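Q: Just need the structure, nothing else, for what follows:
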Amino acid sequence: MEKKRNAKGEGSFTNNPDGTVTHRKSVGYKANGRRKVLTVTAATKAACIREMRKKEEEWNRKKMALHVQTKSTVVELCQKHLDYQVENGELKRKSIDRRECTITNQLEKYDIGSMQIQAITAAEVDSHIQGLIQEGRLSESSIIKVLDVLNAAFEWAILQDDLEKNPVKPVKDKLMKKLKKMSEKKAGAADVVVLSDDEVKCFVQEALKVNKKGKRVYPAGDYMLLLLYTGMRCGEMIALRWRDVDWENGLLTIEKSASMTKNRDKTDDGDNNFVMHEDTTKNQKARIIQLTTEARQVLRSLYSRTGPPGADDLITPTLSGKMNTASNLEHRQKVIFKNAGLGDLEGGLHIFRKTFATQMYENGARVEEIAAYIGDLESTTRKYYIAIRKKIVSGGISKRIVGLPGTADARGNDREAS
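A: As a prediction, this is how the structure comes out:
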């Protein structure tokens, strides 16, 4: 292929083997600092130039549309930043939905959302976050998301030369410290809510119950046992197919996650507002785990339930064979918990993941080993998935204590206080 440079600033032309011509031209820089190159292919050089002009006009329209004016509102800024992230594939579908909810519910519905970005000061940002804290409706993590959305949007505007200052920056550290204090535990509070050994026994016994005909009372019971014995996220489990199981070596490949997301391809009122979407795992890292004996037994039970399934069949489908959802399984979990006498427990399906991680820790596994197995960061695993305080019962009252290191109690054996 013959490649020729055009006049300075006009790009290059390449004569292709099939007789066509490819024209490439640099038209500036993207907002992330990388050079933007447009490419067109046509029958002749003249045709390439005509097509390139059209592409340049479209690029310039998009480029101008992404820029924000000083009179733009905070909501407009955050939405434009989100549009930019979507266009550049920076966010997963679930993250896009969450970001939209934050903009709509925690910014647009408040005074700060309609304020012009040129008028926003650190004091307004501080007042808004303090107000959210005082309302007491949102968790620490939800308010941190608001702060992160604002900070990222203003930083992006500065990168594009649309703004000179970020009003979030001066107060971010102070607000983060206050938000972290919201999650501080009192003496008798649990670090992480997990199932005690006795609660695990009650749950397993209930989940495996059979009726008079010898059939399982809870078809989804095995699904929750699989979560309990692997520490997987629910989204990872419902995306599993039988090809992911290595029976010979007792291994399981976890490389996808499925979740319900907004249907962005909806064309008419008859289409569903939300659809199941498969994506990479949360940390975008596939992993192969060695299965516990209990997990292998659960998988064998599921495999033989309806006869030998195909390699592409789902491991944890609904009764109709469709991909399951977290909300459906959470409903099934509540029923089992209630019938097992565990109806007062909170934490949803994630309680199984936390229980698994805590049991691994109590059995001597290092935090980095646990993090690698459950597919999370060490810092996140330590903070959110390992319970150090153990539940005991004293005088009919449940308490949380830190056991004496090196003793049976510290390794997780619940006891009745004398």
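
Q: where's T355, which helix or strand?
A: helix 350-362 (DSSP states H and E).

Q: cool, L38 as well?
A: Per DSSP H and E: L38 is located in strand 35-42.

Q: three-state assignment of the spatially most central residue of the chain?
A: The chain has K282 as the residue nearest its centroid, 5.0 Å off, counting by CA atoms, centre = their mean. When classified by DSSP: H, G, I helix; E, B strand; the rest coil, K282 comes out as coil.

Q: before we move on, the earlier item: mean confidence for the strand holding L38?
A: The pLDDT scores in strand 35-42 average 88.

Q: I'd assumed M276 was in a helix, is it?
A: No. Under three-state DSSP, M276 falls outside any helix and is assigned strand.

Q: Tell me which residues touch the residue nearest to the centre of the chain, please.
A: Shown in contact with K282 (CB atoms under 8 Å, 6 or more residues apart in numbering): R233, G235, S257, G375, D376. (Glycine included, C-beta is placed from N, CA and C.)

Q: Tell me the spacing between it and R233.
A: Distance, K282 to R233, using CB to CB, to the nearest Å: 7 Å.

Q: Need the overlap of contacts for these two.
A: Shared contacts of K282 and R233, counting by CB under 8 Å, 6+ apart, come down to S257, G375.

Q: Can you get me a residue count around H23?
A: For H23, the count of nearby residues is 22 (other CB atoms under 10 Å).

Q: do the same with the one 3 residues further on
A: Number of residues near S26 (other CB under 10 Å) recorded here: 13.

Q: Which secondary structure element is home to it?
A: Assigned by DSSP H and E, S26 belongs to strand 21-29.

Q: quick one: strands adjacent to that strand?
A: Here strand 21-29 has these sheet partners by DSSP bridges: strand 12-15 (antiparallel), strand 35-42 (antiparallel).

Q: Average pLDDT for it, rounded please.
A: Mean predicted confidence for strand 21-29 is 86.

Q: Kindly report the same for stretch 390-399.
A: For stretch 390-399, the per-residue pLDDT averages 67.

Q: That stretch: end-to-end distance?
A: With CA to CA, to the nearest Å as the measure, the ends of stretch 390-399 fall 8 Å from one another.

Q: pLDDT below threshold where in the stretch 51-200 of the chain?
A: Across the stretch 51-200 of the chain, the ranges flagged by pLDDT under 70 are 61-66, 183-191.

Q: And the helices in it?
A: Secondary structure of the stretch 51-200 of the chain (DSSP state H, counting those that start in this stretch): helices located at 74-87, 93-103, 122-135, 140-159, 169-181, 197-207.

Q: tell me what the longest one is packed against?
A: Okay, so that is helix 140-159. For helix 140-159, the contact count by 3 or more CB pairs under 8 Å, 6 or more residues apart in numbering; DSSP states H and E identifies helix 74-87, helix 93-103, helix 122-135, helix 169-181 as packing neighbours.

Q: which residues are contacting the last one?
A: Helix 169-181 has contacts (CB under 8 Å, 6+ apart) with A122, V125, D126, I129, Q130, I133, E140, I143, I144, L147, N151, F154.

Q: ok, and for stretch 35-43, which residues are buried?
A: L38, V40, A42 (16 or more other CB atoms under 10 Å).

Q: N249: which of the residues you listed is nearest?
A: The shortest gap between N249 and any of those belongs to L38, at 49.5 Å (CB to CB).

Q: correct me, but that closest one touches V27?
A: Yes. Contact criterion CB atoms under 8 Å: L38 and V27 qualify, at 5.6 Å.

Q: Between these two, which contacts overlap?
A: Counting by CB under 8 Å, 6+ apart, the residues touching both L38 and V27 are E56, W59.

Q: which residues are contacting the host helix or strand of R332?
A: Element membership for R332, per DSSP H and E: helix 326-339. Residues outside helix 326-339 that contact it (CB under 8 Å, 6+ apart) are 203, 206-207, 218, 220-221, 223-224, 234-235, 238, 259-260, 318, 343, 345, 348-349.

Q: Provide a PyMOL selection command restricted to the buried entries of the residues you listed.
A: Filtering those down to the buried ones (16+ other CB under 10 Å) takes a single PyMOL command:
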select buried, resi 203+206+207+218+220+221+223+224+234+235+238+259+260+345+348+349
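
Q: Out of the contacts of helix 326-339, which sit inside strands?
A: Within the contacts of helix 326-339, residues falling in strands by DSSP state E are S259, M260.

Q: Just the helices from the stretch 201-350 of the chain, written as ranges.
A: Using DSSP H, counting those that start in this stretch, the helices assigned to the stretch 201-350 of the chain run over residues 221-230, 234-238, 293-303, 326-339, 350-362.

Q: For S12, which of these is the nearest?
A: helix 234-238 (45.6 Å).

Q: packing partners for the closest one?
A: Secondary structure elements in contact with helix 234-238, counted by 3+ CB pairs under 8 Å, 6+ apart, are helix 221-230, strand 257-262, helix 326-339.

Q: hmm, 6 Å instead?
A: With contacts taken as 3 or more CB pairs under 6 Å, 6 or more residues apart in numbering; DSSP states H and E, helix 234-238 sits against strand 257-262.

Q: Measure how far the strand it packs on is from the centre of its chain, please.
A: When distances are taken as CA atoms, centre = their mean, to the nearest Å, strand 257-262 is centred 10 Å away from the chain's centroid.

Q: Direction included, what does that strand pair against?
A: Looking at strand 257-262 with DSSP bridges, its partner strands are strand 274-279 (antiparallel).

Q: if we can go back for a sec, out of the strands paired with strand 21-29, flag the one nearest V192.
A: Closest approach to V192 among the strands paired with strand 21-29 is made by strand 35-42 (46.5 Å; CB to CB).
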